[in-house]
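Participant: Got a sequence here, can you model it:
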Amino acid sequence: MHQARFATAAMGTRFELVLFSEEPAQHRAAAEAAIEEIEAAHRRYTRFASDSLVSHINRTAAHTPVRLDADTFAMFEDALRVELDSCGAFSITTTTPLPLPWPRPGFVLNPEDRSVTLLHDEAKIDLGAIAKGHALDLAAALLREHGVTCALLHGGTSSVVAIGAPPGEDGWRIALGPESGAPTITLRDAALGVSATTERPHIVDPRTGAPAPPNRRAAVIGPSARLADAWATALVVLGERPPALGPEWMTFIDDLGGAHAESARESHAGAEVLAHAEMRRSRSALPGRAASFVSSSTPRPGRHP
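Facilitator: Below is the predicted model:
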């Protein structure tokens, strides 16, 4: 079976794709289209380009509703759902100088015309905690439409989508952290989001504006990369699995200082997800960032040929 590797820089990180195929020419075209989809998502959702969709929303949506394409509207719906279900531990709305008290809807969606309206002049949209997963969902859907049955996509190693499994393997083995003995999973036909804080957390609790607790890691496995990313961020803030997270999701939360660990199986994940993802402590995990690919049969993605 032919193996191909592709990569691009987007959303402040490196996106990579590993693909196994018996039809290399056809699937190479699909992989290149998937990379282009990721790059297009970067152009739409970056806050740092004046001509991006997010910049347009932040300039005008407090006064005039901004219409969204169907995929972007679905992402905003998911973001709002996670915000409500996590009681505000996740939000794509930022405010200056202080956060609005919870509950504080920063925007409203109109499904009739697929538009978004910001409810406060000081409210701004920041998709940094969900856009990588969204881009991977779009790219993975495109690959599946083109008949790809064996591929791994990731953005910055912390957002991952697995399609099928490498030849001769049950799934794609992934380490959740750089440390020796980091938890590993075997991922197949599922998405993974990993979020972590260090001694100086970069994640902020949207309800207070204060940093999230330090030295905490959360991993979420389920059917959607964008939702996995959003929930991983929320779980770092919350420190526990909320009741609203359904049985189709698997979670893992641990204190990087070793004081607490909530395993996926203790989180009562649904049988369907458990069939695709196995979590265990591993002494063989290789150093990496939030997530690192460790299967001996899984090559590290390289640069676009």
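Participant: OK, contacts around G106?
Facilitator: Contact analysis of G106 by Cβ atoms under 8 Å, 6 or more residues apart in numbering lists 91-93, 95, 100, 118-120, 123. From N, CA and C alone the C-beta is placed, and that goes for glycine too.
Participant: ok, now how distant is it from P206?
Facilitator: 9 Å (Cβ to Cβ, to the nearest Å).
Participant: which neighbours do these two share?
Facilitator: Shared contacts of G106 and P206 (Cβ under 8 Å, 6+ apart): 91, 93.
Participant: Mind picking the lowest-pLDDT entry from the contacts of G106?
Facilitator: By pLDDT, L100 ranks lowest within the contacts of G106, coming in at 64.
Participant: Okay, strands next: where are they in the stretch 1-150 of the chain?
Facilitator: Applying DSSP state E, counting those that start in this stretch to the stretch 1-150 of the chain gives strands spanning 2-10, 13-21, 66-67, 93-95, 107-110, 115-118, 123-125.
Participant: ok, and for the fourth one, which residues are buried?
Facilitator: By neighbour count, with 16 or more other Cβ atoms under 10 Å as the criterion, the buried positions of strand 93-95 are 93-95.
Participant: and if you look at the second one?
Facilitator: Of the residues in strand 13-21, those buried under the neighbour-count criterion (16+ other Cβ under 10 Å) are 13, 15-21.
Participant: Convert the helix ranked longest in the chain to PDB, retaining C-alpha atoms only.
Facilitator: If you go by DSSP state H, the chain has its longest helix at helix 24-45. The C-alpha coordinates for helix 24-45 follow below in PDB (Å, rounded to 0.1, in the frame of the first residue of the first chain):
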ATOM      1  CA  PRO A  24      -2.000   7.000  -5.000                       C
ATOM      2  CA  ALA A  25      -2.700   9.300  -7.900                       C
ATOM      3  CA  GLN A  26      -6.400   9.700  -7.000                       C
ATOM      4  CA  HIS A  27      -5.800  10.000  -3.300                       C
ATOM      5  CA  ARG A  28      -2.900  12.400  -3.700                       C
ATOM      6  CA  ALA A  29      -5.300  14.800  -5.400                       C
ATOM      7  CA  ALA A  30      -7.700  14.300  -2.500                       C
ATOM      8  CA  ALA A  31      -5.000  15.000   0.100                       C
ATOM      9  CA  GLU A  32      -3.900  18.200  -1.700                       C
ATOM     10  CA  ALA A  33      -7.500  19.300  -1.700                       C
ATOM     11  CA  ALA A  34      -7.700  18.600   2.100                       C
ATOM     12  CA  ILE A  35      -4.600  20.700   2.700                       C
ATOM     13  CA  GLU A  36      -6.100  23.500   0.600                       C
ATOM     14  CA  GLU A  37      -9.300  23.200   2.800                       C
ATOM     15  CA  ILE A  38      -7.200  23.700   5.900                       C
ATOM     16  CA  GLU A  39      -5.400  26.700   4.400                       C
ATOM     17  CA  ALA A  40      -8.800  28.200   3.400                       C
ATOM     18  CA  ALA A  41     -10.100  27.800   7.000                       C
ATOM     19  CA  HIS A  42      -7.000  29.600   8.200                       C
ATOM     20  CA  ARG A  43      -7.800  32.600   6.000                       C
ATOM     21  CA  ARG A  44     -11.400  32.700   7.100                       C
ATOM     22  CA  TYR A  45     -10.900  32.300  10.800                       C
END
